[in-house]
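S.K.: Next come a sequence and a model predicted from it.
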Amino acid sequence: MDLDAKVPPGPLEKKWDAHVDSIRLVGPRNRSRYTVIVVGTGLAGAAAASSLGALGYNVECFCFQDSPRRAHSIAAQGGINAAKGYRNDGDSVFRLFTDTIKGGDFRAREANVYRLAQLSMGIIDQAVAQGVPFAREYGGMLANRSFGGVLVERTFYCRGETGQQLLLGATSALAKEIHDGHVRMHPRTELLDVVVADGRARGIVVRDLVTGAISSHAADAVVLATGGYCNVYFLSTMAKACNVTATYRAWRRGAGFANPCFTQIHPTAIPAAGEHQSKLTLMSESLRNDGRVWVPRKAKDGRPPSDIPEAERLYFLEERYPRFGNLVPRDVAARNAKEVCDKGLGVGPTGYGVYLDFRDAIQHAGLKVIEGRYKNLFEMYERITDEDPRKLPMRIYPAPHYAMGGLWVDYNLMTTVKGLYAIGEANFSDHGANRLGASAMMQCLADGYFILPVTIADYLSRNPAGEAKPDQPEFKRAEEEVRERTRRLLAVNGSRTVLSFHRELGQLMLDKCGISRSRAGLEETLQKLPDLRERFWREVKVPGGDGELNQSLEHAGRVTDLLEFAELMCMDALTREESCGCHFREEHQTEDGETRRDDAEFAHVSVWESGGPGGPPRLHKEPLAFEAVPLAQRNYKT
Amino acid sequence: MRFTLRLWRQRDARDKGGFVRHEIDGISPDLSFLEMLDVLNENLTARDDMPVAYDSDCREGVCGMCSLVINGRPHGPLAATTTCQLYMRHFKDGEEITVEPWRAKAFPVVRDLVVDRSAFDRILEAGGYVSVHSGPKPDPNANPIEPEVAEEALDAATCIGCGACVAACPNGAAMLFTAAKVSHLGLLPQGQPERWTRVVGMVEQMEKEGFGGCTNLGECEAACPKEISIKFIGRMNRDYFRAVLREPVKRRGPMEAQ
């Protein structure tokens, strides 16, 4: 597997500009001859499809929701980072770059991350030009807030609805391109396979979710912007339909999958309440700016929080990390919450919850100010739990939230399959082993608006347009395989629902490949997964047929891929014999329970290659060099 | 808790459809309405029945995918709440609950409780944007915006495009949806160059799609899970009349390099 990252030569801060200056372009008159498929309409997909359409390419864009605006980027709450330096607090491109590298615990590629920091300012400008109503100060200037893991205020926001506003900006640009005829939109259409011929991506096979029709679409390049795979844990903050199918199918067709075990467990979600719960709801990390995280010092303390005196409260983040306090990065906050709950100090009916308390902030700044910052979050919390966070502290617990792992891409965002690109959360590139808050939207939009539309031209220009045709044998074969898989799913006709298998998989993965992992647990899970898969194919019941809207069939298809993909995650977690960022291996911790990285052995990206049917996946490594930010242990204490 | 559900079942767009009764028991009050339907679907599957189809995705009230008219009210009995954020504790034990799809000429039923809302997308495509390409733009602080203006634009922009306003309106009008987008962009300086063509394009598309007219009943505002104010409809109407009374904007073709 060729893992040449194609990082341009020259000094870090000049690489991107020099690269743009040197790559091949497609002239404006030729662009409409090239067809580009974009799968997914979240921030990355909508930004890429609209930008490519505006450039004049012929774009075919797919999403499984009923409208592009529904993609799960819409649920991002807190904000988007940019190194504007408006606050005069010492922020800069270089500082955003180093924060991201350190936050990711030195497992990301320096050149990509630097480019991300460089492009961050332009994203804000772009969004404002589209009409995104970011919060403003009284003088009319853009407002900022701070987010976990950094010491500056560089996060731009629209109340708690930043993702919604940025996505509506991107999909409005997409709407214009659809109107102008540059983008053809295929809603309620799901990718079921990627077609590769002669080592190059030629198109995709999709299912029309309303009629059930399977069809092939050929293109000169294929872009996957299909998001993350935390629904492998069943309960996560992701939307119900988020899945791994697109990237997993691409992996089966030869694309390398990087760091699949790097999943982020977000510290501030509402704790699970019961067995039929279908998802976890995130409470924005921005709440940690004013909320103080604590548990009672005494185990199984049954008193209501207001009766517990100050001296008997354990502010575990503030005590352990005095410099960052409640604003430590997500992985650190999540792990500490789990630790205190495992010790029996947790609160709420299940004992798996910690308090996030606004009492002091309300006393200090006043209810009006605090409501101004978090009103919609308070209301959301109240609606779900029936408790008022203005009077009672919130109860929160970590929840799977984001996948840092994804398809391996080079500097041009191309996977190991030529002509197949992965952008946004679907790729692995910029967040290393842990993503900092408010960086996901930044990466998605940088990929979609500014990077891919430029780099894809270099590939397209080297090949004649319109080479791929949907009547090629590779398309026919892929279509046949898709139909066969559907037939098999419908034919099992067992006794258990898809949902029950999904829950079982989720519980297993959350226990053994979640916040903390151990060799024994992972080996046990690798034993259990083939058995679970086998039982699925023997006992699952998928009602209805394939020629109709059939949500059970859709879900079944996604769960089959998650069941296989889970194995890859565990193998990756098992072979990475160190702790870094969100990947916490119990065997590899310091005496005071912090992560112990092993840079001598593991300063690399783990890239998995499919071993074909029946063959074991093969592990390859892309070594990471740290020149601008010297390798160092993260320190959020002093 | 125990409930009797009167659910709208309809195989596809051509099917006539009708109500079917389902009993469900052992429901925790902390389940969301959609989780209750998940449980029902589990039971139906086990009994060899076809599960009921309904749309949902984010389940945190922002994607706008979920719908459902519950006991005659879009998104159910609670104000400012989408169906996915509605909990069974808001219902009485033993209650009969009627569940229907959005009903409007412009939203044909796809199956059971799933409707086709693509008309909304076509309204947006008719002008719901600021025409800017991706690339370098001026610094936003070069163009200060009063925070009150940004806030009001955001009040309109929080529309999730769910279609409850249409489902609630006896005329099946899409005025609140259209007005929210027209006002979001019309309030901001960035939206000014296309302000008049936008409102005309979007209103005309809305009429083409078969949505009804507004008779100021205010049902839309009451049903809107984001509490978007009906005042935006007044604002859109003013803009629309100003736009059609103006000299028609004779837009030349875009100045593309030739």
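M.R.: Received the coordinates, thanks.
S.K.: Any part of the longest helix belonging to chain A near chain B?
M.R.: If you go by DSSP state H, chain A has its longest helix at helix A:551-575. Yes: counting by Cβ under 8 Å from any Cβ of the partner chain, contacts between helix A:551-575 and chain B involve A:551-552. Just so you know, the C-beta spots here come from the backbone N, C-alpha and C atoms, and that holds for glycine as well.
S.K.: name the helices or strands packed onto that helix?
M.R.: strand A:189-197, helix A:245-252, helix A:473-492, helix A:498-512, helix A:519-539, strand A:604-609 (3 or more Cβ pairs under 8 Å, 6 or more residues apart in numbering or on different chains; DSSP states H and E).
S.K.: For residue A:590, find the nearest of the ones you listed.
M.R.: helix A:519-539 (18.1 Å; Cβ to Cβ).
S.K.: so where do the helices sit in chain B?
M.R.: B:33-46, B:118-125, B:147-157, B:164-168, B:175-187, B:195-208, B:219-223, B:231-245.
S.K.: elements contacting the last one?
M.R.: The criterion is 3+ Cβ pairs under 8 Å, 6+ apart, and the helices and strands that helix B:231-245 contacts are helix B:175-187, helix B:195-208.
S.K.: ok, the last one near chain A or not?
M.R.: Think helix B:195-208. No: for helix B:195-208, no contact with chain A is found by Cβ under 8 Å from any Cβ; the gap never falls below 9.1 Å.
S.K.: I'd like the mean pLDDT over stretch A:259-271, please.
M.R.: Mean pLDDT, computed over stretch A:259-271, is 95.
S.K.: is any part of that stretch close to chain B?
M.R.: No: residues of stretch A:259-271 are not located near chain B by Cβ under 8 Å from any Cβ, the shortest gap being 9.8 Å.
S.K.: Dump that stretch to PDB, keeping only the CA atoms.
M.R.: Output of stretch A:259-271 as PDB, limited to C-alpha atoms (Å, rounded to 0.1, in the frame of the first residue of the first chain):
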ATOM      1  CA  ASN A 259      -6.600   4.800  13.100                       C
ATOM      2  CA  PRO A 260     -10.000   3.200  13.300                       C
ATOM      3  CA  CYS A 261      -9.800   2.900  17.100                       C
ATOM      4  CA  PHE A 262      -9.500   6.700  17.600                       C
ATOM      5  CA  THR A 263     -13.000   7.600  18.700                       C
ATOM      6  CA  GLN A 264     -13.800  10.500  20.900                       C
ATOM      7  CA  ILE A 265     -16.000  10.200  23.900                       C
ATOM      8  CA  HIS A 266     -17.400  13.600  24.600                       C
ATOM      9  CA  PRO A 267     -17.500  14.500  28.300                       C
ATOM     10  CA  THR A 268     -20.800  16.400  28.500                       C
ATOM     11  CA  ALA A 269     -23.800  14.500  27.300                       C
ATOM     12  CA  ILE A 270     -27.000  13.800  29.200                       C
ATOM     13  CA  PRO A 271     -26.600  10.400  31.000                       C
END
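S.K.: just to revisit the earlier point, how about the helices of chain B in TSV, adding mean pLDDT and mean neighbour count?
M.R.: Listed next are these as TSV, based on pLDDT from 0 to 100; neighbours: other Cβ atoms under 10 Å in any protein chain shown:
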stretch	mean pLDDT	mean neighbour count
helix B:33-46	97	20
helix B:118-125	98	22
helix B:147-157	97	20
helix B:164-168	98	28
helix B:175-187	98	27
helix B:195-208	97	20
helix B:219-223	98	20
helix B:231-245	96	17
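S.K.: out of these, which comes closest to residue A:421?
M.R.: helix B:118-125 (25.3 Å).
S.K.: Tell me the helices and strands packed up against that closest one.
M.R.: helix A:162-179, helix B:175-187, helix B:195-208.
S.K.: Measure how the first one sits relative to helix B:195-208, angle-wise.
M.R.: I take that to be helix A:162-179. Helix A:162-179 and helix B:195-208 are oriented at 80 degrees to each other (axes from the mean of the first three to the mean of the last three Cα atoms, to 10 degrees).
S.K.: From the rest of the structure, what touches the helix or strand following helix A:162-179?
M.R.: Once helix A:162-179 ends, the next helix or strand along the chain (criterion: DSSP states H and E) is strand A:183-186. With Cβ atoms under 8 Å, 6 or more residues apart in numbering or on different chains as the test, strand A:183-186 has contacts from A:49-50, A:52-53, A:59-63, A:68, A:174, A:177-178, A:206, B:121.
S.K.: on that earlier part again, quick check: which of the helices and strands packed on helix B:118-125 is nearest to residue A:370?
M.R.: Closest among these, using Cβ to Cβ: helix A:162-179, at 18.5 Å.
S.K.: so how far is the closest one from its chain's centroid?
M.R.: Distance of helix A:162-179 from its chain centroid, counting by Cα atoms, centre = their mean, to the nearest Å, is 20 Å.
S.K.: If you count contacts, what does it end up packed against?
M.R.: Helix A:162-179 packs on helix A:43-55, helix A:110-130, strand A:183-186, helix A:440-445, helix B:118-125, helix B:147-157, going by 3+ Cβ pairs under 8 Å, 6+ apart.
S.K.: Rebuild these as CSV, extending it with distance to residue B:207.
M.R.: As requested, these are exported to CSV (distance: least, Cβ to Cβ, whole Å):
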stretch, distance to residue B:207
helix A:43-55, 27
helix A:110-130, 26
strand A:183-186, 22
helix A:440-445, 35
helix B:118-125, 10
helix B:147-157, 21
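S.K.: In the stretch 301-450 of chain A, which residue sits nearest chain B?
M.R.: Residue of the stretch 301-450 of chain A nearest chain B, by Cβ to the nearest Cβ: residue A:449 (4.3 Å).
S.K.: anything in stretch A:475-489 near chain B?
M.R.: No: Stretch A:475-489 lies out of reach of chain B by Cβ under 8 Å from any Cβ, never closer than 13.4 Å.
S.K.: Show me what from the stretch 351-500 of chain A comes close to chain B.
M.R.: Residues of the stretch 351-500 of chain A lying near chain B (Cβ under 8 Å from any Cβ): A:379-380, A:383-384, A:386, A:449-450, A:453, A:495, A:497, A:499-500.
S.K.: that older thread, is it possible to export the helices and strands packed on helix B:231-245 to CSV including distance to residue B:146?
M.R.: CSV is the format used below for the helices and strands packed on helix B:231-245 (distance: least, Cβ to Cβ, whole Å):
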stretch, distance to residue B:146
helix B:175-187, 10
helix B:195-208, 18
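S.K.: Most proximal residue of the stretch 1-150 of chain B with respect to chain A?
M.R.: For the stretch 1-150 of chain B, Cβ to the nearest Cβ, closest residue to chain A: residue B:144, 2.6 Å.
S.K.: and that residue, how many residues sit next to it?
M.R.: Residue B:144: 16 surrounding residues under other Cβ atoms under 10 Å in any protein chain shown.
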